[in-house]
Structures are given as structure tokens and as C-alpha cells.
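>>> coords please:
(2 chains)
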Number of protein chains: 2
Amino acid sequence: MSLVVQKYGGTSVGSLDRIRVVAERVADTYRQGHQVVVVVSAMAGETDRLLNMGRELSPRPVEREMDVLVASGEQVSAALLAIQLNEIGVPTRSLLGHQARIVTDAVHQKARIRTIDGPALRSVLETGQVLVVAGFQGTDAYGNITTLGRGGSDTSAVAIAAAVKADVCEICTDVDGVYTTDPSICPNARKIPRISYEEMLELSSLGAKVLQIRSVELAMKHRMPLHVRSSFSNAEGTIVTDEEHLLEKVVVAGVAADKKTVKLTLRALPDHPGVVASVFEPLAEANISVDMIIQNVSKQGHTDLTFTVSREDADRAEAIVENLATSVDAQGVTRDDDVAKVSIVGVGMRNHAGIAARMFRLLADADINIEAISTSEIKTSCLIETEHADRAVVVLHDGFELGKPRDA
Amino acid sequence: MSLVVQKYGGTSVGSLDRIRVVAERVADTYRQGHQVVVVVSAMAGETDRLLNMGRELSPRPVEREMDVLVASGEQVSAALLAIQLNEIGVPTRSLLGHQARIVTDAVHQKARIRTIDGPALRSVLETGQVLVVAGFQGTDAYGNITTLGRGGSDTSAVAIAAAVKADVCEICTDVDGVYTTDPSICPNARKIPRISYEEMLELSSLGAKVLQIRSVELAMKHRMPLHVRSSFSNAEGTIVTDEEHLLEKVVVAGVAADKKTVKLTLRALPDHPGVVASVFEPLAEANISVDMIIQNVSKQGHTDLTFTVSREDADRAEAIVENLATSVDAQGVTRDDDVAKVSIVGVGMRNHAGIAARMFRLLADADINIEAISTSEIKTSCLIETEHADRAVVVLHDGFELGKPRDA
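Coordinates of the predicted model:
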């Protein structure tokens, strides 16, 4: 007998028929003798419907109340799934955030979980009941309802799995695992049987479609194995786990492209100590994540400072550096929306020299110009023109032979 | 400065536009310097939508989870109204049942309120905030979500008003008060400026459309004045209050017709001690309210026992007495669905003789046959054929001159 946390996303509980399918899956697991905690998202479309109502009333709706509003979405899906599980003979009770004692900080709309009463949840499981917990929600120390931000149900699931010391946290979704790259771009993309937390984090632009980054970080911290799999089949999906549990340390596990990136350049910035810090400090204060940073060799005491941000932060970032340009005596700011970042990721990269060089060669042979490069221990990223992004993915996927079947 | 509880029903918060109108009304009261607690129902149609989803999954959905499901409806309307109030500059926070510490018994779907933390609510009001409390919901002693049953938001409002020691509990609804009779039947029906709790209770079939009976009982118990008024105008509605606060003790305050009644007769029941008790005990155990009871004079040791029940209880009641008929040696059971009860109500009836006789005369003059009669201190009811019900209402309303304007 093991203790399993299963998370079902909005598409998986998007209609009463789908809720019936999910209930059968949960019942199967339960009848195999496992203890089961189910974490559910709101029915697909429901969160947007609620958010839109709030925004229609107010251009800047008060955040505390938006949390009360949207938290109702998970409440409905949790209750419906509990009704259906009881209907098919599985004793089940739903728990909302406050009932599961999911205590968060007080940051409405993007709260972070502080504590969960794992022993209390376990004692309910010991009575033979399945628990259906409303994802995405908690309460702050004063009992105000909070939500974890978009995709927060993944984080709820991992945090609950850690709190109850589950054996595995299954992320059941509408795809059947993590792929070597986006199958819609590269038809011979292959499902990855096992991948490390680190690789999963670096493959964010792939992973974001199936897993919220914070949930992977949290799983890594608690060494909680994640199993990304389809809600609609029993096929094995992708296990996200510790590196030592990988059967094979592949050199390149996957290829990802991020087309939602914007390049900003501060031109002819005076090159003296502290000037770079004075650029990035205000961006950090505005909570803007800067991704790649490229500083060219300075000429006559001036340099061009280039960096990338996500498209949603681009307007704010541009305004901040425009503002800065005068005070730091730069010539001006250039913005380029026509860029994409392609990355190769793999823990084996650490021990294999020449992987980055091979990536550059593959792109060069395909006549794709590289505008900037950044590297980490297990990832190499190149900034290229957006129009070449899909072709670059195919070139790299084929060049590193990711489409070839391997043993799991 | 006074402390006002305002309750808005589902129609009053049935759309974002209506929520804007309600917010303006609340803001008016707040800006006049009053402390305001608003109690809201779910947006019109929402409770039914949620109930239907649950019932589509399960013919007998588990009640605990149905409460979780439907409680989300009031959560949404409370959050939306709080968003709009903040938007127009009124500092407001929403409170769900568990946050307002509305503790009920553990009877799901028809829970009764045990306690509300009035002092805690008052201390929030003292900070200058408006409170919007989700009606219809509470939690039991273990934190399970409960609901109060249909129309429970009225009861929430009165219970909260009593707990915070409000000066008045306004029931804001889509009608502008309580009328002497149903205006759709009797066009000269008149709005009643003041009415006693007792009269309101007896006029249940009128009142049920604007006020849940339990909420009137609760108001009477706490001597909390109710003000039934329109959500969409500032006109005075009907004050429901203690008898001593009535300006005038009218003989007949209103006329009501109940067409949802069914007459059951146990024929030729042996007339010996205890036999009547043996009929009504099983009905009471089945939680069936018997309304009128008529026992004819016995002939040769046998009597016909007639009683009425509501249409929704009729099938169960019939089955119970059919079952009993053999064991008590009765001849059989007759059921008549074609009956209606017309009633006249007024506290002045206590001191005026001949009111009942005048009612019988008015009906007789209109060729309406009376099948049974029952009386209380302040009410006289006659059972008649359903087809005559509307005409009987008009005859009585005109006969007692209820359409004539009076001073408030």
C-alpha cells in the first residue's frame, strides 16, 4: 500500500463527463489498496470567467476579494468530484484550503504556502476515506482566503504530497508526459521516461505547459517524485526525480524554444563601476526577472548592455530603463521583440565537453544567426530571430538524435 | 448613527449591473454615517445550476458535498459586491460563513444556526468597514460547511442582525413590501405599512414569496424589526415588528390563498380512544406537517378523519395512512388534490367577534362551498375547491375593505 497524491487540472475536470472519468481513475487507485489524496483545479474556463466578472466591475479589483471570488472555482470541482466518488462507492470528503489547514503568507493572488497540517490529513486517510482537496487556495494566518497564482494547483499538490509524506505525486493532465521537445514543432519528439528536477526546471518552456515551475522547485526541495501522466489513460508518463534515480544521464534531454522573450539594449552606457548594478536594481525592485544578460567589450569607455525579459514584463522593463537612460548618461534604449531563445538541456552536459560547440555548429549549418548566448551547468541557450525558432528546434532535436528511441 | 443589516436576494444581485445598483444603495447608507452589514444570496439561477450539476452526477448526492457545492454561489456574489463597493470607495470586506463564525448544527442542507460571533463582527464594523457576509451558509462544530436550506439567506440576515444587535434588518427584494393579498389576483391589493410578526407568520403563503418563515420566527424571538423593501427604490416598504409597535390593530390585515394543499380522508375509522393518535404519530415521525384536521361526529362507532398536508408531503402522507388503514380497521383512504385554503389574518380579530361569521357569509354569497374550517386566535381558514380560490380572495379582500387606503 502506498500513499498517492493525484492532481487533476482544469481540462481533466472540465465537464461532468470528465469528472466521471477522473472518479473512475481515483477509484481504481483506491481499490488497489492505496491511500489517495486528490487535488483539483477549477473546471476549465471557470477561473477566467470569475476573473473577468471581477475585472468588469473594477479595473483594479481589490485582491483580497478576487481571491475569495476565484477560490470558488476549485470549491465547485472538489465538491463535484467528491459527490461522484461517493456515488460510485468510494467514501470521500472534500476539503477546502482552510479545512486542509493550508496556511500561506498574506500575498493575495500569488501566496506561498507556509504550512499544511499533514498529520491531520493522514488521520483522515487512515479512516479509509479519499480526500479531495481544492487546489490553488489557502488562508493566511488571519483566515483570509489566498490563492497561489496561475497553475497553483500543481504547487498545492506537491506541498500536500510533502506534508503527508506521499510516495509519489501524480500530475494528471491532458498530455501524457514530458517530451524531448514540442511535438507540434517536431513530429518525432519522444516522451522522456525519466528526467531530473534540474532538467525539468531548465526545460521551463516545455515544462510550463505541463508543470508549474514552483511545483518542480518544491518537489526538488522535498525530493518528492513527480509523475506527469495523462488523465485519460493508464500509460506511464514521465517521472521527475532525483538525478541519482535516472537510469541514464543523457547528454541532451530536451530542446526548448521560448518565443515570449524581448531583448532590450541600453546603448553607449558609460562603463564605470556600479553602473550595471544601477540598471538591474530597479528592475529587481519592480519584480521583473531578467533572463540573459550580455555586455559587450567597451569602446572608448562606453558599452552596450543587452538583456532579455519575458514579453509580459517587457513594457514595464522598457519604461524603467528608458527612465534610467538619462540618469546614467546612456545614449538610449533599443527594444527588439523579434527574438526567440532556443535551449538544449541535459545533466550529462556537465561531463561532456563540446556540446555547446556542437549546438552552435548545428545552427550555423542551418544558416541561423546567433545573437546572444548564455549557459548554465546543464543548459545552453541561444538567442535567435523568431522566424527561425521552430526550424532551430528541429535542427537541434535531430542533430542531437533525440528522436531515436532509448531504453527507459 | 445606527447599525443596519441589509439582505439582498438572488434577483437583486443577479447580474453585474444589479450588483452595481446594490453597491450604490449600500454606499448611500454607509455615507449617511451608518454601520452596514450586507448579507447576500447567490446570483439568481446559480444555486439551481449548482444543485443540478450535483444531481446529474448522483440521484442522491451526498449532502455534505452538496453543501460545499452550493455554498460557492454566495461566495461569488459576496466577493463581487465587495469588489464593487471598494471600487466606488467604500472600504469593504467579504466574510464567508466560517469567517463570520456562523456555527450551525450538523444537519446538512437544512442546518440551524447556533451561534454567531457578533462582537467580532462589530469590532470590524468599528474600523469603518462595510461587511458583506455570504448568506445561507455556516459551518458545524467540526468546520464542515453547512447550508440553511432554501431562502436561508433571510435567516442568516436576521441571525446576524440579532448577533450584532442591529437597529433594523432590511430585507431588500424584488417586491416593495408585503401586500394585503397577491396583487396579481387582486389588483387593488395594498401595501401594508406595518404588520406584526404573528400576522406575518400566519400570512405565510403571502410571506413565503418575500420572507422565509424561519427568519420571521427568529426576528420575533429576538424582537428584531424587519423592513421588507425594494432593492431598486428608496420607498418605504413593510415593517414587520412587535404588536405594540403597530399604529393600528386592523381586524383583517391580509388575505391569503394556499393552492398547494391536499386533503386526505381516512374513511369509517373505528372511534375509540387512541386511534387518532395512532394516525398522527407516524406522520409526525416522518416529519410531515399536518395543517387542518377535521373529525366528523361518529356514526355507529365509526368516523371520517380528514386532514390536509402540503402538496410536496402528500405522496408520503398518503402512503403512510394507506398502510395504517388496515391496522386501524378503517375502510380506506380518499385523496383530494382539488382543494385550496383561503385565510384571513389580523391581530384585531382577537377582540372582534363575528369576523369568522362574516367570512363564511361572504363566501356563501359568492356561491363558494366551504369544505372545512380551522381557526386560530388571529386567523380563520376555509378549505374550498381550487377553482374558486382566486375568486374567494377577491371576495374577501373587497368584503373586508382591504383595498381602501389607510394611514400608516
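>>> Chain B contacts on chain A?
A:16, A:19-20, A:50, A:53-54, A:56-58, A:61-62, A:64-66, A:68-69, A:71-72, A:75-76, A:78-80, A:82-84, A:86-87, A:93-94, A:96, A:98-99, A:143-145 (CB under 8 Å from any CB of the partner chain). The way it works is simple: take the backbone N, C-alpha and C, and place the C-beta from them, glycine included.
>>> In the stretch 301-408 of chain A, which residue sits nearest chain B?
Chain B sits closest to A:E312 of the stretch 301-408 of chain A, with a gap of 23.2 Å, by CB to the nearest CB.
>>> That residue is in what secondary structure piece?
Assessed by DSSP states H and E, A:E312 sits inside helix A:311-327.
>>> Next: A:L305.
strand A:302-310.
>>> Also compute the angle for that strand relative to helix A:311-327, please.
160 degrees (axes from the mean of the first three to the mean of the last three CA atoms, to 10 degrees).
>>> Give me the helices and strands touching strand A:302-310, please.
Counting contacts by 3 or more CB pairs under 8 Å, 6 or more residues apart in numbering or on different chains; DSSP states H and E, strand A:302-310 packs against strand A:254-270, helix A:275-285, strand A:290-295.
>>> Turn these into TSV, including mean pLDDT and mean neighbour count.
Putting the helices and strands packed on strand A:302-310 into TSV (pLDDT from 0 to 100; neighbours: other CB atoms under 10 Å in any protein chain shown) gives the following:
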stretch	mean pLDDT	mean neighbour count
strand A:254-270	91	21
helix A:275-285	87	14
strand A:290-295	85	16
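>>> okay if I get those as TSV plus distance to B:G403?
Shown next, in TSV, are the helices and strands packed on strand A:302-310 (distance: least, CB to CB, whole Å):
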stretch	distance to B:G403
strand A:254-270	71
helix A:275-285	72
strand A:290-295	78
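>>> Can you name the residue of the stretch 201-350 of chain A nearest to chain B?
A:S231 (17.4 Å).
>>> Could you list the buried residues of the strand holding A:L305?
A:303-309 (16 or more other CB atoms under 10 Å in any protein chain shown).
>>> ditto for stretch A:127-137
A:129-137.
>>> Repeat that for stretch A:367-383.
A:368, A:371-372, A:374, A:378-383.
>>> Also stretch A:85-93?
A:85-87, A:90, A:92-93.
>>> now the residue nearest to A:A162 when sequence neighbours are not counted: how far from A:A257?
In this structure, A:A162 finds its nearest non-sequential neighbour in A:H222, 3.9 Å apart by CB to CB, 6 or more residues apart in numbering or on different chains. Note on A:H222: its distance to A:A257, by CB to CB, to the nearest Å, is 30 Å.
>>> same check, this time on A:V342
5 Å.
>>> Please enumerate the shared neighbours of these two.
Shared contacts of A:V342 and A:A257 (CB atoms under 8 Å, 6 or more residues apart in numbering or on different chains): A:389, A:392-393.
>>> Identify the residues contacting the strand holding A:L305?
Against strand A:302-310 from outside (CB under 8 Å, 6+ apart): A:260-271, A:276, A:279-280, A:283, A:288-297, A:317, A:331, A:339, A:341, A:372, A:383.
>>> got it, and stretch A:388-398?
A:180-182, A:185-186, A:188-189, A:255-257, A:259, A:340, A:342, A:344, A:359, A:362-363, A:365-366, A:368, A:382, A:384, A:403.
>>> Would you mark the buried spots in that stretch?
For stretch A:388-398, by 16+ other CB under 10 Å, it's A:388-397.
>>> Just the C-alpha atoms of it, please, in PDB.
Written as PDB, here are the backbone C-alpha positions of stretch A:388-398 (Å, rounded to 0.1, in the frame of the first residue of the first chain):
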ATOM      1  CA  HIS A 388      14.000  30.600 -37.200                       C
ATOM      2  CA  ALA A 389      12.800  29.300 -33.800                       C
ATOM      3  CA  ASP A 390      10.800  26.300 -35.000                       C
ATOM      4  CA  ARG A 391      13.500  25.300 -37.500                       C
ATOM      5  CA  ALA A 392      16.200  25.600 -34.900                       C
ATOM      6  CA  VAL A 393      14.300  23.300 -32.600                       C
ATOM      7  CA  VAL A 394      14.000  20.700 -35.400                       C
ATOM      8  CA  VAL A 395      17.700  21.100 -36.300                       C
ATOM      9  CA  LEU A 396      18.800  20.600 -32.700                       C
ATOM     10  CA  HIS A 397      16.400  17.800 -31.900                       C
ATOM     11  CA  ASP A 398      17.600  15.900 -35.000                       C
END
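>>> pLDDT averaged over that stretch, what's the number?
The average of the pLDDT scores along stretch A:388-398 is 96.
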